[in-house]
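>>> predicted model and sequence follow; I will ask about them next.
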Amino acid sequence: MTDLFSPIRLGKTELPNRIVMSSLTRNRAGRGNVPTDLVAEYYRQRASAGLILTEASPICPEGHGYPRTPGIHSAEQIEGWKKVTRAVHDAGGRIAIQLWHVGRISHPDLQPDGALPVAPSALKPAGQAFTFEGMKDYFTPRALETSEIPGLVSNYARAAKNAMEAGFDGIEIHAGNGYLLDQFLRSSTNRRTDIYGGSKENRARLLLEVLDAVCAEIGHGRVGVRLSPVTPFNDISDEAPQETFEYVVAEINRFDLAFLDLLEGTGGAPKEAWLPFDYDSLRAIYRGNLIRNNGYDLASAQDAISTGKADAIAFGRLLLANPDLVERFRVGAALNAPDYERLYFGEEKGYTDYPFLIIS
Ligand code: 8OZ
């Protein structure tokens, strides 16, 4: 019987099990937003996962919105990531990088020359940005000109090329969680009147152009995509999420991607508080491998795999706190609890100091 420990092929990559490490922002990059030896050690420790998805990694300087997030746009960053991919591969693992542009979820303090963040429309998000000087109110972003879109798309393609140079097995396009591509997809943040706004077909156009460009650059078997249809994180919503995302997923079918990473629910909120959405309908529409993500434990993950609701399951908090989660699941061991105080700072503390199982 197929279960969480069964191998699976996602595009060009063979996984020994179906336990995927979800992308997790950890804010430990060094100067120049370059991954350090400590970052390499963190991922190396988690190499027994079937596939690691890295933390979200900006594709260009304008794509940054938080301190110390590792980029994939400079030569130094590519060199830094080489240490990470080498460490994971030497430990027998596989790793894909999540490509990110935050759009309006940024602040002039984090932008080149103190510029305004860019977005589909000049709509200020509610809330505050994480800056080097603490929390500061968001600004009203600058709406991208239609003529700027091709340059943005080519930044994704260049980042995908950089990812291959850095030794990654693949990439995941981050089109969720209220960041730039999601700001185009969802109606609350996209009020454009050009071919990138209005109808669902127009709102999905940028993501589809990005997928086209990265697939042309590195091949569809190395490309995945992250969607999160109803998360309100970063002040975002859609008037008709079921309709919007059924369309998006149907269109994504044409790329024959390595996987779709579907973030269910609404961030860290308990399941009872999730906004309604029929994820099984996306499963039925999507023809490729589906990774389901958010709040799974061993039992619910096994259930999702054995009933055919998912091909693999991504774990965030559990893999963050249990580098040897695969082994712990296998033997039914107790799990370490995540140190929520040190998710976004703390260097090695709450990062590379979680204990491994001691087998006596
Ligand atoms: C938490 C803090 C900062 C960024 C996401 C990249 O939600 C993130 C993120 C999460 O996709």
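Everything's here; your move.
>>> could you check how many residues crowd around the spatially closest residue to residue 233 that is not a sequence neighbour?
Nearest residue to residue 233, sequence neighbours excluded (C-beta to C-beta, 6 or more residues apart in numbering): residue 267, at 4.7 Å. The C-beta positions use only the backbone N, C-alpha and C, and glycine is treated the same way. For residue 267, the neighbour count with other C-beta atoms under 10 Å is 15.
>>> what's the separation between residue 267 and the ligand?
Noted for residue 267: a distance of 7 Å to the ligand, by C-beta to the nearest ligand atom, to the nearest Å.
>>> repeat that for residue 326.
23 Å.
>>> residue contacts, that residue?
By C-beta atoms under 8 Å, 6 or more residues apart in numbering, the contact list for residue 326 reads 5, 17, 19, 48-50.
>>> next, format these as JSON lines and append pLDDT.
JSON lines is the format used below for those (pLDDT from 0 to 100):
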{"residue": "5", "pLDDT": "98"}
{"residue": "17", "pLDDT": "98"}
{"residue": "19", "pLDDT": "99"}
{"residue": "48", "pLDDT": "98"}
{"residue": "49", "pLDDT": "98"}
{"residue": "50", "pLDDT": "99"}
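>>> show me which of these is closest to the ligand.
Closest to the ligand out of those is residue 49 (18.3 Å), distances taken as C-beta to the nearest ligand atom.
>>> tell me how many other residues surround the closest one.
By the measure other C-beta under 10 Å, the count of residues near residue 49 is 27.
>>> and if you look at residue 135?
Residue 135: 10 neighbours (other C-beta under 10 Å).
>>> can I assume it sits in a strand?
Yes: remark: residue 135 belongs to a strand, assigned using DSSP: H, G, I helix; E, B strand; the rest coil.
>>> that one contacts residue 128, correct?
Yes: with contact defined as C-beta atoms under 8 Å, residue 135 counts as touching residue 128 (4.1 Å).
>>> among the contacts of residue 326, which are in helices?
Using DSSP state H, the subset of the contacts of residue 326 located in helices is empty.
>>> could I get those as TSV with distance to the ligand?
Output for the contacts of residue 326, formatted as TSV (distance: C-beta to the nearest ligand atom, whole Å):
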residue	distance to the ligand
5	28
17	24
19	20
48	24
49	18
50	21
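>>> which among those residues gets closest to residue 183?
Distance to residue 183 across those (C-beta to C-beta) is lowest for residue 49, with 29.8 Å.
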